[in-house]
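Engineer: Provided below are the primary sequence and the corresponding predicted coordinates.
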Amino acid sequence: MSQKYRLNNIGYINRNKKISFSFNKKRYFGYEGDTLASALLANGVHLVGRSFKYHRPRGFLGSGVDEPNAKVQLNKGPKTEPNISATEIELVEGLEATSQNCWPSVFFDIGAINNFLNKFFPAGFYYKTFMWPKNFWYRIYEPIIRKAAGLGVAPLKPDPDRYEHKYEHCDVLVVGSGPSGLASSLAAAKNGAKVILAEDKPRFGGSLLVDEVTIGNKKGKEWSDEVITELKSMPNVIVKNRSQVFGYYDHNMMVMFERVKDHLQNPKKYTPRQRLWYIRAKETIICTGSIERPLVFGNNDRPGIMLASAAKEYIKLYGVLIGKKPIIFTNNDSAYDTAIEFKKNGVSPLIIDTRKEVNNPIIKEAISLNIEIKFNHGIANTKGYRKIKSAIIGNFNDDKSGYENLKEISCDCICVSGSWTPTVHLSSQSGNKLKYNENVDAFIPHQSRQNETTLGSAKGTFTLKKVLDDGFKEGFQLSNKITNKNVEIKVPNSNEKNYKEHEKLWCMPLPKNKEYKRFVDFQNDVAVSDIELALREGFRSIEHVKRYTTLGMATDQGKTSNLNGLQLVSNIEKKVVPEVGHTTFRPPYTSVTIGTIVGREVGKHYRPTRKSPMHEWHKKNNAIFVDAGLWLRPRYYKKNNENLLQASIREAANVRKNVGVCDVTSLGKIDIKGPDSAELLNRVYTNAWLKLPIGKSRYGVMLREDGIVFDDGTTTRISENHFHMTTTTAQAVNVLSHLEYYLQVVWPELDVNVISSTEEWAGAAIAGPNSRNLLGRLFPNIDVSNDKLPFMGYKEADLFGVPSRIFRISFSGELAYEINVGSSYGNFMWEKIIELGKDLKIQPYGTEALSTLRIEMGHVAGSEIDGRVIASDLSLDGMLSKKKDFVGKRSLNREAFLNTKREKIVGLVPLDKKSMIPEGSHLVENYKAPLPNPKLGHVSASCWSVEYDNPFSLAILKDGKNMIGKNLYAVSPLKNTNIEVEVVSSHYVDPKGERVRS
Amino acid sequence: MLEIKCPYCGKRSQIEFSYGGDAKLERPKLGTEVSDSEWNEFVYYRNNPRGEHLELWHHISGCRQWFKVFRNTATHEILSTSKIDEKIK
Amino acid sequence: MQKYSIFNLIKNSFSNHQNWDVAWRDPQPKKEYDVIIVGGGGHGLATAFYLAKEHGISNVAILEKGWIGGGNVGRNTTILRSNYMWDANGIFYEHGMKMWENLSQELNYNVMYSPRGIINLAHSDAQLNAYARRGNSMRLNGIDAVMLNKEDLKKMIPFADFSSARFPIFGGLMQPRGGTARHDAVAWGYARQADSMGVDIIQHCEVLGFDIKNGKVAGVQTSRGEIKTKKIGLCVAGSSSILASKLNMKLPIESHVLQACVSEPVKPFLDHVVTFGAGHFYCSQSDKGEMVMGGDLDGYNSYAQRGNLPTLQHVLTEGVAMFPNLSRLKMLRTWGGIMDMSMDGSPIIDKTHIQGLYLNCGWCYGGFKATPVSGLTFAYTIAQDRPHELNSKFRLDRFQKGYLIDEKGVGTKTWIG
């Protein structure tokens, strides 16, 4: 298919490389270097999408990030992507794009009925209706509205692409490679600074790509190419295209995304799709340029109405004419360039200039080229549903509040220009308080709050000479603060056209008695009448106007609409624009793919997985694992067709009867050394520690300062000034920070060091009546008798050549020992235990059996220590020293904590001795009582008691100790269970603790 | 992202640290008489200014030292950092 | 006052909407009011509305430093729920849920209450049990809650990660009546009705100081002059400590920034509010099609309504762990709000030691859903000079006495979610 609108001799596309793509299932061709927009325009396609609210036909407004209209759905399946700007996507072979938010097609869209009914749908109409009858909002109206919501379609499958992150530090980050960016980069780089130059577009040069200027007697583009080549050759410079700096965060941290893959014809399999850069820059130079401002007039949204600068860019970069019968509609000089470009390429434009006759050089040039100009004219309205066909133009009356006469002029495109808006987003994000500048009629950066310098048209500087002067000067000065090398290069001479001021007129009047929609925000269909309505109803703050009308809240974030909106508010409210103020600029400058922000921590890599040294053994022996924080722990070892409960009963019963072994590596371990170690323990634990003998362990409870139980564990005195502390798996990290806090901040006088030794040791608990026998086999050279290694005793010994620590501690309530060896010997230890325990009927047991054992013994764990209980609730009152002070003690002396009717830990046995009580059940007196039914307590942990062969639970119950012997109901409305239970002691098995001492 | 100068390690990004709150809180000495309201103040009441705030940070993925940061809570600007036993300017 | 209805909307369409009245007046402050509410956010506006409606006190001014609805009521993620474990919270918020059900009609303003269900995903049996404890407590308090298993969830959110997740989904707890509402509409709806009953909404009026005489409230000094009053209600969550410092009061509160973000709008695929149990991420899809997402605090005291990217990265990482298809959507807009983080995670609605000074603060992340019930109970507290039964547990002295209402069990480290 021929490209009717493609020129032969202009642009930077590669005409030797044809690329085929499809749009709305129709096949087209473009060239390498095209965007989807330029390729479609070359083929004469203007209608690409529909607007959000009224489903009006829309084409391209711009040529880059500011595009509000031309949003398309890209690709299919898991790689589909909604809301992609056709103006930004680079053409690759086989690209498939479709229009979105239209049905059945972009040519005929049922939703466009909204357009004909738009009278009924002004700004905020939904706040005023859909309220009757009650409940219809959610049942009827909202579902209908939701059907119409959204633009494109989200993929529903995981993203097959990968993304990565990179961290960089530099002296100077330059954002944007237009003349300011190039000048400041070059100056800083030559002065020895480490420079990163980031350009959002594929091509470097910014305005130099399209403007007729010379620098150093070269064409702008040539100079730009040379500078880029030079910068790329310098070792201290990183030059990046397709890289958008989208956020300016605290302490000069910039975040940028780089498009790495999507533009490649044949990407490698592991090429990341995008890369996120965190860049900490000592200085940031923002050269983000400016965006052309549209004009507001009747039906100014039709396909074929485009920014003049975009039309010029399509000609100069891509060799594409956006039309052959153009009207240029402007309030300033810069659009004349577009007219001249058309003329040079054989097309005669008509210029409509809102200004009264002006006599600037560029106008003379246009006249000399025989371009027709109508001064003091405006466009009142346009015609053409799917593509612009004609414009109704008129001669302004004296105060420009209306037209003297109107006439229709046919055209196939209108190029509009309302002068230029500096792109101040990053500057504003940095904390720079913007100031309104009357000359450019826009906000520009004023006072920097971080190490930010904004240059060029982003700062409202529009003459090339000044831009270059500033760029070279600032590039040198800012870099010199860092490098001190004093290498300053000369500013090249330059030549450019001269532009004069624009007219302060953006919103064209309507002809008498006409109600044409004049759009301000294209994507969200916010028209002048909506802003007028908002103000009429008292939504006068600019933030209220924005929220009420949704002005500037579309995917383009108001890049082309914000200032026109502000101007309107200022006109209507009769305030100057700076008084109206602007809405806040927040990151991101343009939308960022969520996957890019996330990076590599996806799927199984969402969080690290911690495994004990015995993990492989567990796996080989049919362990079913459970997540315990980041750790994977065996929950049970499946035999045959056992389920969780059966396996845990078997494993627990074997502990009670013979001997079991459990991997306890994940328990937190802290090594404590120093002369004041015992004193530290004495202060952070609730019980006494000063007199703990060497070679002994002790159970301890820690509180937070608010008196709530923080953690528990056993700590062992290895030597006079050396202790080994254990914590729960869950609190290991927090306990270490807690100790460090007290040591470093509160009691710096204590001479103690603490360090995590969790990873250093592999741990195995052997528990059960046969455990002493087994221990003797493991350590034949030591005396493991009850006398020599009593309960809470500690010994260091040699496990077949491996230095080991033996703690006689028990979580299961049985005679038990915990053996620690260096992590790399963990598996050796484990296999030795299994091997030597074989004829003692050893079985490994997992966390589920471990729970069973501790529950029926009444030992508390995480399900009881839930951050809301005090020691007495857990019947740990005996652990609270009366003789000494400790962390959190003072909080215990409070009304609520002293209440004798507080909840206390108890045991529960179902009366039927059969029904397992679901964890999370609550205890009530009468399960049939009306709601709210007073709750007396809750079930914290349940198990099948292997000792008694019936269910047993732990509960925290109001006035618990006095309830023992009473019957209550354990109810779980969620599971529809009401189980009558007897309240018993929480120490269900071996209440005197004889076994652990046996 | 904040850049915090650890007095022991130098400048590092925020992600290496964890926050520790109001550094002006002084824990009553162990074993001394403290009134209910004094204790309540210590446990629950915080300096929470808009502006300069003296706070604790912990170099949790570094040297594991707690230290003081003098930071503006309105702008996030860090005015200075110091070791626990140093006076902040 | 004009009634908002479909008929009036159509009628006004034919006059091109030229005849709509202002939603609220822009009055000059009077010399004296019966009650002054400081803070024109959701809670302040609702308080003024209920003072007028329930207590006949309409000589009320709302003083707002900026523009009404510009604080947390306009920057939250609009979630409504009463899925609390503790009775004090559950019963309070459930009363609020019942108010939400009638709010559009009560205010004659469509607040778009959408009970689409809030689902808390669980990623282990232990977590399911913890949720069961909460859900059962809700049910016994008369609040709706159901347990969902993995198969239920596969039908409701098939795009969640059921196959390769680091922390697999085991099930979830759902409150079917939980949902969302349109945040701005809540502020504007209350403002419009309060105004119509005579309440003066005074914007761009900053409170600079307070007149306290003999332990009693006498008036306020503002950027627009002195105003007399005998009763002042502080409704300035986010800035509570700053206002309190003007009264030489310290509060059990820290101010922290919480960020949220939305994706670009896409055709609706998520019909519920879903929270991730192996992190703090939550997500819903607005009626515009945007995915509304939030999670953790930035984690250090802040009054800047801006956060930093690592927190958002962290939150979105959790999001993609839950819904891997979010990866290809694009983050459109981010913002931050300042949270009054109280020391037990629950709010404070109470009198103070100064006669005539009332405090409404400490809403942590959850103030939006409380807007109606907070307004109702705070108005009661101000009008009757004693707490309503519903807020009788949200006292300031609960800390000293130990009656904490700690849903999360993390204590006073407010920045730890």
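Structural biologist: Nice, I can see it. Residues are numbered from 1 along each chain as shown, chains lettered A, B, ... in the order given.
Engineer: From now on I want contacts and neighbour counts done on CA atoms only, so please keep to that.
Structural biologist: Fine.
Engineer: Quick one: residues contacting the residue of the stretch 301-450 of chain A found nearest chain C.
Structural biologist: Using CA to the nearest CA, residue A:429 is the residue of the stretch 301-450 of chain A that sits closest to chain C, at 9.1 Å. Residue A:429 is in contact with A:247, A:248, A:249, A:585, A:586, A:587, counting by CA atoms under 8 Å, 6 or more residues apart in numbering or on different chains.
Engineer: Write out the residues of chain C neighbouring chain B.
Structural biologist: Residues of chain C found near chain B (CA under 8 Å from any CA of the partner chain) are C:241-242, C:250-255, C:299-304, C:308-310, C:343, C:399-400, C:412-413.
Engineer: Weed out the non-buried ones from the residues you listed.
Structural biologist: C:241-242, C:250-255, C:299-304, C:308-310, C:343, C:399-400, C:412-413 (16 or more other CA atoms under 10 Å in any protein chain shown).
Engineer: filter the residues you listed down to the ones near chain A?
Structural biologist: C:308, C:309, C:400, C:412.
Engineer: from what I can see the second one touches residue B:1, true?
Structural biologist: Yes: proximity of residue C:309 to residue B:1 meets the contact threshold set by CA atoms under 8 Å, at 6.5 Å.
Engineer: hey, what's in contact with both of those two?
Structural biologist: Counting by CA under 8 Å, 6+ apart, the residues touching both residue C:309 and residue B:1 are residue A:249.
Engineer: and chain B, which of its residues are near chain C?
Structural biologist: So chain B meets chain C at B:1-2, B:15, B:19, B:21, B:36-37, B:40, B:43-50, B:73-76 (CA under 8 Å from any CA).
Engineer: Now narrow the residues you listed to whatever sits close to chain A.
Structural biologist: B:1, B:2, B:43, B:76.
Engineer: Of these, which is the nearest to residue C:377?
Structural biologist: residue B:43 (27.9 Å; CA to CA).
Engineer: For that closest one, what are phi and psi?
Structural biologist: phi -80, psi -40 (degrees, to the nearest 10).
Engineer: The stretch 151-300 of chain C against chain A: which residues are in contact?
Structural biologist: C:159, C:164-167, C:184-185, C:264-269, C:287-290.
Engineer: again, 7 Å this time
Structural biologist: With CA under 7 Å from any CA of the partner chain as the criterion, the stretch 151-300 of chain C meets chain A at residues C:159, C:164-166, C:185, C:264-268, C:287-289.
Engineer: and the residue most central in space within chain B, what does it touch?
Structural biologist: For chain B, the residue nearest the mean C-alpha position is residue B:56 (1.7 Å; CA atoms, centre = their mean). By CA atoms under 7 Å, 6 or more residues apart in numbering or on different chains, the contact list for residue B:56 reads B:19, B:20, B:21, B:22, B:23, B:66, B:67, B:68, B:69.
Engineer: quick one: secondary structure of the residue lying closest to residue B:36 once chain neighbours are set aside?
Structural biologist: The shortest distance from residue B:36 to any non-neighbouring residue, by CA to CA, 6 or more residues apart in numbering or on different chains, is to residue C:400 (7.3 Å). Assigned by DSSP: H, G, I helix; E, B strand; the rest coil, the conformation of residue C:400 is helix.
Engineer: hey, where'd the strands end up in chain B?
Structural biologist: In chain B, the strands defined using DSSP state E lie at B:3-6, B:10-13, B:18-22, B:52-58, B:66-72, B:78-83.
Engineer: ok, which stretches of the stretch 401-550 of chain A are helices?
Structural biologist: A:425-429, A:464-483, A:528-536, A:542-549 (DSSP state H, counting those that start in this stretch).
Engineer: what's the most buried one of the ones you listed?
Structural biologist: helix A:425-429 (a mean of 26; mean count of other CA atoms under 10 Å in any protein chain shown).
Engineer: and it, C-alpha only, in PDB?
Structural biologist: Backbone C-alpha positions of helix A:425-429 (Å, rounded to 0.1, in the frame of the first residue of the first chain) are rendered in PDB as follows:
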ATOM      1  CA  HIS A 425       7.200  18.700  36.600                       C
ATOM      2  CA  LEU A 426      10.600  17.600  37.800                       C
ATOM      3  CA  SER A 427      11.600  21.000  39.100                       C
ATOM      4  CA  SER A 428       8.400  21.200  41.000                       C
ATOM      5  CA  GLN A 429       8.700  17.700  42.400                       C
END
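Engineer: Tell me which of the strands of chain B sits most buried.
Structural biologist: Using mean count of other CA under 10 Å, strand B:66-72 ranks as the most buried of the strands of chain B, with a mean of 24.
Engineer: quick one: strands adjacent to that one?
Structural biologist: strand B:52-58 (antiparallel), strand B:78-83 (antiparallel) (DSSP bridges).
Engineer: So which residues on the stretch 501-650 of chain A come close to chain B?
Structural biologist: Checking the stretch 501-650 of chain A against chain B by CA under 7 Å from any CA, there are no hits.
Engineer: nearest spatial neighbour of the residue of the stretch 501-650 of chain A found nearest chain B, skipping sequence neighbours?
Structural biologist: When scored by CA to the nearest CA, the stretch 501-650 of chain A has residue A:587 as its residue closest to chain B, at 12.9 Å. Nearest non-adjacent residue to residue A:587, counting by CA to CA, 6+ apart: residue A:247, 4.9 Å away.
Engineer: where are the low-confidence patches of chain A?
Structural biologist: A:1 (pLDDT under 70).
Engineer: quick one: the strand or helix carrying residue C:298 to strand B:52-58, angle?
Structural biologist: For residue C:298, the host element (DSSP states H and E) is strand C:291-301. Going by axes from the mean of the first three to the mean of the last three CA atoms, to 10 degrees, strand C:291-301 is angled at 100 degrees with respect to strand B:52-58.
Engineer: For strand C:291-301, C-alpha coordinates in PDB please.
Structural biologist: In PDB, the C-alpha atoms belonging to strand C:291-301 read as follows (Å, rounded to 0.1, in the frame of the first residue of the first chain):
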ATOM      1  CA  MET C 291      -6.500   0.400  40.100                       C
ATOM      2  CA  VAL C 292      -6.400   2.100  43.500                       C
ATOM      3  CA  MET C 293      -3.400   0.800  45.500                       C
ATOM      4  CA  GLY C 294      -1.800   1.400  48.800                       C
ATOM      5  CA  GLY C 295       0.200  -0.200  51.600                       C
ATOM      6  CA  ASP C 296       2.800   0.800  54.000                       C
ATOM      7  CA  LEU C 297       3.800   4.000  55.700                       C
ATOM      8  CA  ASP C 298       7.100   5.600  54.500                       C
ATOM      9  CA  GLY C 299       8.200   4.900  58.100                       C
ATOM     10  CA  TYR C 300       9.500   8.200  59.500                       C
ATOM     11  CA  ASN C 301       7.800  11.200  61.000                       C
END
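Engineer: Residue numbers of chain A in contact with chain B?
Structural biologist: For chain A, the residues in contact with chain B (CA under 7 Å from any CA) are A:249, A:250, A:251, A:253, A:705, A:706, A:741, A:744, A:745, A:746, A:885, A:886.
Engineer: Sitting in helices, which of those residues do you find?
Structural biologist: residue A:741 (DSSP state H).
Engineer: Of the residues of chain A next to chain B, which are in range of chain C?
Structural biologist: Applying CA under 7 Å from any CA to the residues of chain A next to chain B, those adjacent to chain C are A:249, A:250.
Engineer: Need the residue in chain B that's farthest from the chain's center.
Structural biologist: Distance-from-mean max, chain B, by CA atoms, centre = their mean: residue B:33 at 25.7 Å.
Engineer: Including neighbour count, could the contacts of residue A:429 go into a markdown table?
Structural biologist: Shown next, in a markdown table, are these (neighbours: other CA atoms under 10 Å in any protein chain shown):
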| residue | neighbour count |
| --- | --- |
| A:247 | 24 |
| A:248 | 29 |
| A:249 | 23 |
| A:585 | 19 |
| A:586 | 23 |
| A:587 | 27 |
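Engineer: Closest to residue A:371 out of those residues?
Structural biologist: The closest of those, once distances to residue A:371 are taken by CA to CA, is residue A:585, at 40.4 Å.
Engineer: What is the three-state secondary structure of the closest residue to chain C within the stretch 601-750 of chain A?
Structural biologist: Relative to chain C, the nearest point of the stretch 601-750 of chain A is residue A:604 (4.2 Å; CA to the nearest CA). What three-state DSSP gives for residue A:604 is helix.
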